[in-house]
Structure formats: C-alpha cells, structure tokens
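# No letters, just coordinates:
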C-alpha cells in the first residue's frame, strides 16, 4: 500500500494503535479498514475489543477522552505493543496534545518507508508494503 498524502484521523484506534500502520490494514488481500470502521477484514481480537466497547459505552471515540485514562486495560495494550516499539498510551497522549490531524501527519512520516519513499511500514512486521525493505525498530 502506498502512503497517501493524508492519513485520516479515523485510523487512530480508540486504544491508540495507529491502524494505518497495522499489518491487516496494509494487507494486499482482505485489508482491514481500521478499528473505527466495519468488521470486514478485521482480526477476531479486534472485532471483540474491550477498549473499543468501553469507549462506545462511554460515548467517546478514544481513551484519552476518559477521566480514567490510562486505565488498566490501556496499560495492558501498552505492554502488548512494547515488543513492536509502539506506545499506544504515548500515541494518545501525543494526539491529545497536538490534535489528531497533526498527530496523523507525524505518524505518516514515522511509518513511511525510507528506502523506497512510497510504501508504508508495518508496525507489527517492520516491512515496507511496497518494496519489502525490512526496517528496524521505529
């Protein structure tokens, strides 16, 4: 998948994961459209996400809008994503500080392939979607 000029802020999941850089969003076959979109192409664990359900139940879009943020569940996601060099809690803190659009511009830069300049790097696999170049920790 080529990196678009603009990454829509709807691709920032309620938990702080950037769905644009997710391996399922970047998949050539049956890609996922992100946590805030429908369930087509979405992995099972994303379809039954407690954090998304919690946000929906509170009438908020993302955890940073909650007075309990960061809660034990968001801290669990933080631990799960540490192996990828990604901080969902940090993403939400940054998005709240600079605004969603500015944060997504920063993320566009972060996940663009430095080798070919066209593709997006998967935060899970560390590989460019266009040229296959393996990228180290981001």
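The structure has been received and is ready for your questions. Note that the structure is predicted; figures quoted are calculated from it, not measured.

# now residue 62, nearest residue through space, not along the chain?
residue 14 (5.0 Å; Cβ to Cβ, 6 or more residues apart in numbering). Glycine gets a C-beta too; all of them are placed from N, C-alpha and C.

# residue contacts, the one you found?
35, 36, 49, 51, 52, 54, 55, 60, 61, 62, 63 (Cβ atoms under 8 Å, 6 or more residues apart in numbering).

# Now do the helices in this protein.
44-47, 50-58, 72-81, 88-98, 100-111 (DSSP state H).

# Which one of those helices lies nearest to residue 18?
helix 100-111 (5.2 Å; Cβ to Cβ).

# How about the most centrally placed residue in the chain: what's its closest non-neighbour residue?
Centroid check for the chain by Cα atoms, centre = their mean gives residue 18 as the closest residue, at 1.3 Å. Distances taken as Cβ to Cβ, 6+ apart place residue 107 nearest to residue 18, at 5.2 Å, with adjacent residues excluded.

# Quick check, residue 32 in contact with residue 22.
Yes - using Cβ atoms under 8 Å, residue 32 is in contact with residue 22, at 6.8 Å.

# Those two: who's more crowded?
residue 22 (24 against 21; other Cβ atoms under 10 Å).

# Can you tell me how far the more buried one is from residue 7?
12 Å (Cβ to Cβ, to the nearest Å).

# Show me what stretch 111-119 is in contact with.
Against stretch 111-119 from outside (Cβ under 8 Å, 6+ apart): 1-3, 18, 20-21, 120-121, 123, 128-131, 133, 135, 138.

# Among these, which ones are in strands?
Within those, no residue falls in strands by DSSP state E.

# Weed out the non-buried ones from those residues.
Among those, the ones that count as buried by 16 or more other Cβ atoms under 10 Å are 1, 3, 18, 20, 21, 120, 121, 123, 128, 129, 130.

# any chance of these in TSV, plus distance to residue 89?
Below are these laid out as TSV (distance: Cβ to Cβ, whole Å):
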residue	distance to residue 89
1	26
3	25
18	13
20	18
21	16
120	22
121	21
123	15
128	26
129	26
130	30
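
# For the residues you listed, work out which two are farthest apart.
Applying Cβ to Cβ across these, the maximum distance is between 18 and 130, 17.8 Å.
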